[in-house]
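Colleague: how would this look folded up:
(one chain, ligands or ions: 1)
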Amino acid sequence: MTAAPQVVVLADSNSLAAATAARLVTAIIDAQAATGSASVVLTGGRTGTAVLAQVLAVPAKDAVDWSRVDFYWGDERFLPAGDPDRNETQAREAFLDHLPVDPARVHVMEPSDGKFGDDPDAAAEAYARLLVAKAPGEETVPAFDVCLLGVGEEGHTASIFPDSPAVHETDRTVVAVRDCPKPPPTRVSLTLPAIRRSREVWLLTGGESKADAVGLALDGATEVDIPAAGARGRSRTVWLLDKAAAAKAPGTHRA
Ligand SMILES: O=C(O)[C@H](O)[C@@H](O)[C@H](O)[C@H](O)COP(=O)(O)O
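Modeller: Predicted structure coming up:
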């Protein structure tokens, strides 16, 4: 079992996004210094997208070779390409379109009008095959340097919801998710076994509506009840919170 999660509490949502963005740039610089490249799993949601937008304001971003970063998604809303609600669309607008990334290293989950049409299972299987192709040796998922994840009010992360088929998935690395409580209803998502291949998992969330889920996740809740509790990195798990979301977290030191 990996080390206990670290908890970092920032004053408010703006400082949460800014601090996480700076941390992400440093993590990418460190990864590239060690291996020549970096791999980051992006998340949807307001907090995750705010972090990406803040990266553009990090002076050290120019020390990153953005052409040698592989970008993946933890989940995607299964919508037509370019739909404003797609995580890909929001990430491109906030961040990817403003940096010299290598388009071949931006690994999107297929849209509902893409190669596989309106078949989320086929899109999920294709993404799983991509992960195998990018993974070392016999592994089926790359060892992502950083996996960014949001957290929902009831404890979901990526598109893995409490007591859902996705949270009980132990074999597949990517699944189609239907009838999601959070719209849109159909999504494609990494599973917890895939997320746990990450070197570092960063859960980032703010606001008092998340305080209950955060408190339960950090106080021993099962991943079936609170899927975010099962999102653990192999070497580090960090919860990046604002004060409101940390209000019920056990024993946290507030920045
Ligand atoms: O596609 C999505 O909706 C996200 O992947 C989802 O997991 C999100 O990160 C959380 O629901 C938190 O969203 P907020 O940060 O907007 O509360």
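Colleague: can you list the low-confidence ranges for this structure?
Modeller: 1, 252-255 (pLDDT under 70).
Colleague: neighbours of the residue in it positioned nearest to the ligand, just the number please.
Modeller: In the chain, the residue that lies nearest the ligand is Gly150 (2.1 Å; C-beta to the nearest ligand atom). No exception for glycine: its C-beta is placed from N, CA and C like everyone else's. Neighbours of Gly150 under the rule other C-beta atoms under 10 Å: 24.
Colleague: got a list of what it touches?
Modeller: Remark: with contacts taken as C-beta atoms under 8 Å, 6 or more residues apart in numbering, Gly150 is in contact with Thr43, Gly44, Gly45, Arg46, Thr47, Gly48, Thr157, Leu203, Leu204, Thr205.
Colleague: which helices and strands does the host helix or strand of the fifth one pack with?
Modeller: Read it as Thr47. Thr47 belongs to helix 46-55 when assigned by DSSP states H and E. On a contact count with 3 or more C-beta pairs under 8 Å, 6 or more residues apart in numbering; DSSP states H and E, helix 46-55 meets helix 13-35, helix 87-94, strand 146-149, strand 200-205.
Colleague: the same query, at a cut-off of 6 Å, please.
Modeller: Helix 46-55 sits against helix 13-35, helix 87-94, with contacts defined as 3 or more C-beta pairs under 6 Å, 6 or more residues apart in numbering; DSSP states H and E.
Colleague: tell me which of these sits most buried.
Modeller: Comparing the helices and strands packed on helix 46-55 by mean neighbour count (mean count of other C-beta atoms under 10 Å), helix 87-94 comes out on top with a mean of 20.
Colleague: quick check, that one touching the ligand?
Modeller: Yes: with C-beta under 6 Å from any ligand atom as the criterion, the ligand is reached by helix 87-94 at Asn87.
Colleague: and for stretch 115-128?
Modeller: No: Stretch 115-128 stays clear of the ligand (C-beta under 6 Å from any ligand atom), getting no nearer than 13.5 Å.
Colleague: follow-up on the earlier one: can you tell me what sits against the helix holding Thr47?
Modeller: Applying C-beta atoms under 6 Å, 6 or more residues apart in numbering, the external contacts of helix 46-55 come out as 17-18, 20-21, 61, 90-91, 94-95, 148, 150, 204-206.
Colleague: what about the helices in the stretch 51-200 of the chain?
Modeller: For the stretch 51-200 of the chain, the helices defined by DSSP state H, counting those that start in this stretch occupy 87-94, 120-134, 192-195.
Colleague: how about the shortest one as PDB, C-alpha atoms only?
Modeller: Coordinates of the C-alpha atoms in helix 192-195 are reproduced here as PDB (Å, rounded to 0.1, in the frame of the first residue of the first chain):
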ATOM      1  CA  LEU A 192      -8.900   2.800 -10.500                       C
ATOM      2  CA  PRO A 193      -6.400   0.100 -11.400                       C
ATOM      3  CA  ALA A 194      -5.300   2.300 -14.300                       C
ATOM      4  CA  ILE A 195      -5.100   5.500 -12.100                       C
END
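Colleague: that'll do, ta.
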